[in-house]
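>>> Quick one: sequence and predicted model below, then my questions.
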Amino acid sequence: MKALSITAAAALFSSALVLALFAFFCVFNTGVHSLYEFPLDDAWIHQVYVRGLITDLMPTYNAGIPEAGFSSPLWLLVCMPGYLISSLSGSGPVVTAKINSMILAAIAAAGAGRLAGFFTRDTYAGIAAAAALLLSPGFAFSTVSGMEVTLAASCLAWAFVAWLHGRRISAGVLFALSALARPEAAVIIPVVILFELFPASRPLRDRARGAVFILLPAAVFASAWIVYNLSVAGRSLPNTFYVKATAPAGSNAIEYFISRVVLGYGILPAAGAIAAGLAGAFFALRNREKRTPALAVAAAGAAAVAGVMFTRRFEISVSYFMARYYYPFLVFWAVFTGLGLQITKKYLSEKTGMRPWTAALLPLVLFIGVSVPGLIRARDSYAAHCSDIYALHTRVALDALEKVPPDAVVGAEGAGSIRYHMPNFVLDLVGLNASVLSDVHGDIALRSCIQAGYRPSLLIIPDNWVSAFKPVFELEPVQVYEVRNWSVVDGKGPRRVQMLKSAVRPGFYEACRQRFGPGSKSR
């Protein structure tokens, strides 16, 4: 019987492990909402735009109005088939979106295994690399998140597989797609181009052609994305960039990376991954024939981490919501971790006289053992995230359906699940899904006038926002929602959201018209 290839073995192992993770996180879990709720409101926002693509043939947030409130256009396209299936079956999009994430996690893990196989012909290294990726607690969380993390990871893994095997056109397309899945992946493309141009052993013409093949798809896709944003919002980047860039990029970046990404799920899983990864990197860099590809993989991972660090600000108390930006790039470290476990197996077999099966199982069993505490912490966090999203977003949206007629305007701070579940025009008060607000994010007076111009009759906002809205609106409390320990942000006590009937205070909008003019970006 012919032995399985590295890719096939990694794919089979990955599929089995992904199914086990799904059961661990979603089925055999104490969180009652772990299966039928998303862990982040951002996942609901993506589903809103997926619905817009299907119903309006464009990514709309409110019906018929295209917006620039999403940063992963490829994830919208990937989610469309699942959304259609869920619509035909009469169910929501949560399970199908999570299945998308799971399938892509298996594809990413198989890609990591294939990359490890590039550095050694040992099938064990491929299986170990796949395990290292999927057993990373943050990536395991992402596997069932319904978010784009696994999509970006799969594109990157197979882009490197194609590139290292000389398929530069395929690699260029996959690198470009990875940037459409997660914009930070774009910083990897210049790194790959530098390594493409570097080896003097190849004719300059071939190197230049290879660099063009890598760059051209990214340039085309990026141009299309920029044109869309310019046509919809008048700026080259999505609304999210302008709204979230209110503090210096890189704020708390190193501290956040160490505390939340490296040590976020405990010292034990971090120590195991670091030790195995460093051993694998040392092995790969010692091999003269594979040294340059190993440097390319390492440089790509480092560039991606730096790209995330210094393009956004970080709040130490925020957990998965911000840490997820790093997780697609774990695929590079997983390759070296797999090599490290393979070296350990080889050492045990050759130097200690241990039987081959024992030598093969022992490193994997130990790695799984040190990963389990982190996976348990990730599972508990996942359950809490799902429960809190239901309590502060989905349940509120379902209650709000009974409070206002379908033609009323609703203003909301958490505008994903609320917009998905309500037929109303929803004004995203933050501006993430309202370019007219993101454009004036720093001008509080103009923002208030624009918000008043939409005349929302219901506001769904955090407790600490109420005082800021009182000068603009007459507010009548309807209901208060609370969770004791908000999972998205640690250490800030209860999270309270209020639903309030609202009406613009007499004379306020007229004062806005006098100050900013009749065409002051209002509805």
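Everything's here; your move.
>>> Per the annotation, how does this structure divide into domains?
Listed domain ranges for the chain are 6-385, 401-516 (source: automatic domain parsing).
>>> Please identify which of the ones you listed is closest to Thr394.
domain 401-516 (4.5 Å; CB to CB). Where you see a C-beta, it was placed from the backbone N, CA and C, and this is true even at glycine.
>>> Any idea how far the closest one is from the middle of the chain?
Computed by CA atoms, centre = their mean, to the nearest Å, the separation of domain 401-516 from the middle of its chain amounts to 26 Å.
>>> Contacts only, for Leu156.
Leu156 makes contact with Ala108, Gly111, Leu174, Phe175, Ser178, Ala185, Ile188, Ala300, Pro328, Phe329, Val331, Phe332 under the criterion CB atoms under 8 Å, 6 or more residues apart in numbering.
>>> The third one: which element?
Here Leu174 is covered by helix 168-181, with elements defined by DSSP states H and E.
>>> Then the first one?
Assignment of secondary structure by DSSP H and E places Ala108 within helix 94-119.
>>> Show me what that helix is packed against.
Packed against helix 94-119, as judged by 3 or more CB pairs under 8 Å, 6 or more residues apart in numbering; DSSP states H and E, are the following elements: helix 6-22, helix 41-55, helix 73-89, helix 123-134, helix 137-143, helix 149-164, helix 291-309, helix 330-351.
>>> how does it look with 7 Å?
On a contact count with 3 or more CB pairs under 7 Å, 6 or more residues apart in numbering; DSSP states H and E, helix 94-119 meets helix 6-22, helix 73-89, helix 123-134, helix 137-143, helix 149-164, helix 330-351.
>>> Just say which of these is most tucked in.
Sort these by mean neighbour count, taking mean count of other CB atoms under 10 Å, and helix 123-134 sits at the top with a mean of 29.
>>> pLDDT weak spots in the stretch 51-200 of the chain?
Applying pLDDT under 70 to the stretch 51-200 of the chain flags the ranges 200.
>>> right, I mislabeled it, should have said the chain
Where the chain drops to pLDDT under 70, the residues are 1-4, 200, 245-250, 491-492, 518-523.
>>> Just give me the residue closest to the centre of it.
For the chain, the residue nearest the mean C-alpha position is Val149 (4.1 Å; CA atoms, centre = their mean).
>>> can you pull the contacts of the nearest residue to that one once chain neighbours are set aside?
Leaving out its chain neighbours, the residue that sits closest to Val149 by CB to CB, 6 or more residues apart in numbering is Ser142, at 3.8 Å. By CB atoms under 7 Å, 6 or more residues apart in numbering, the contact list for Ser142 reads Ser101, Val149, Thr150, Arg324, Tyr327.
>>> Name the helix or strand for Met58, please.
Applying DSSP H and E, one finds Met58 in no helix or strand.
>>> so it touches Gly64, yeah?
No: if you go by CB atoms under 7 Å, Met58 and Gly64 don't touch, sitting 8.7 Å apart.
>>> Same drill for these two, tell me which one is more crowded.
For Met58 versus Gly64, neighbours defined as other CB atoms under 10 Å are more numerous around Met58 (14 against 9).
>>> Contact partners for that one?
Gly52, Pro66.
>>> From Glu315, how far out is it?
Relative to Glu315, Met58 is positioned 33 Å away (CB to CB, to the nearest Å).
>>> Gly338 now?
Gly338 sits 33 Å away from Glu315, going by CB to CB.
>>> Equivalent analysis for Phe213, please.
From Phe213 to Glu315 the distance is 40 Å (CB to CB).
>>> more neighbours, the two?
Neighbour count, other CB under 10 Å: between Phe213 and Glu315, Phe213 has more, with 19 against 15.
>>> Tell me the spacing between that one and Ala303.
According to CB to CB, Phe213 and Ala303 sit 20 Å apart.
>>> what does Phe257 give?
The gap separating Phe257 from Ala303 is 14 Å, by CB to CB.
>>> where's Trp225, which helix or strand?
With DSSP H and E as criterion, Trp225 is part of helix 204-233.
>>> Against which helices or strands is that helix packed?
Helix 204-233 is packed against helix 168-181, helix 188-197, with contacts defined by 3+ CB pairs under 7 Å, 6+ apart.
>>> roughly how far out does the shortest one sit from the chain middle?
Translated: helix 188-197. Its chain's C-alpha centre and that of helix 188-197 lie 24 Å apart, by CA atoms, centre = their mean.
>>> which parts of that helix are buried?
Ile188, Ile189, Val191, Val192, Ile193, Phe195, Glu196 (16 or more other CB atoms under 10 Å).
>>> Distance to Leu53 added to these, as JSON lines?
Converted to JSON lines, the buried residues of helix 188-197 look like this (distance: CB to CB, whole Å):
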{"residue": "Ile188", "distance to Leu53": "27"}
{"residue": "Ile189", "distance to Leu53": "26"}
{"residue": "Val191", "distance to Leu53": "32"}
{"residue": "Val192", "distance to Leu53": "30"}
{"residue": "Ile193", "distance to Leu53": "32"}
{"residue": "Phe195", "distance to Leu53": "36"}
{"residue": "Glu196", "distance to Leu53": "35"}
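>>> Next up, the contacts around the residue at the greatest distance from the centre of the chain.
Centroid-distance maximum for the chain: Gly353 at 44.7 Å, with CA atoms, centre = their mean. The neighbourhood of Gly353, defined by CB under 7 Å, 6+ apart, contains no residues.
>>> the strands in the stretch 401-523 of the chain, which residues?
409-412, 425-428, 458-462, 473-483, 495-504 (DSSP state E, counting those that start in this stretch).
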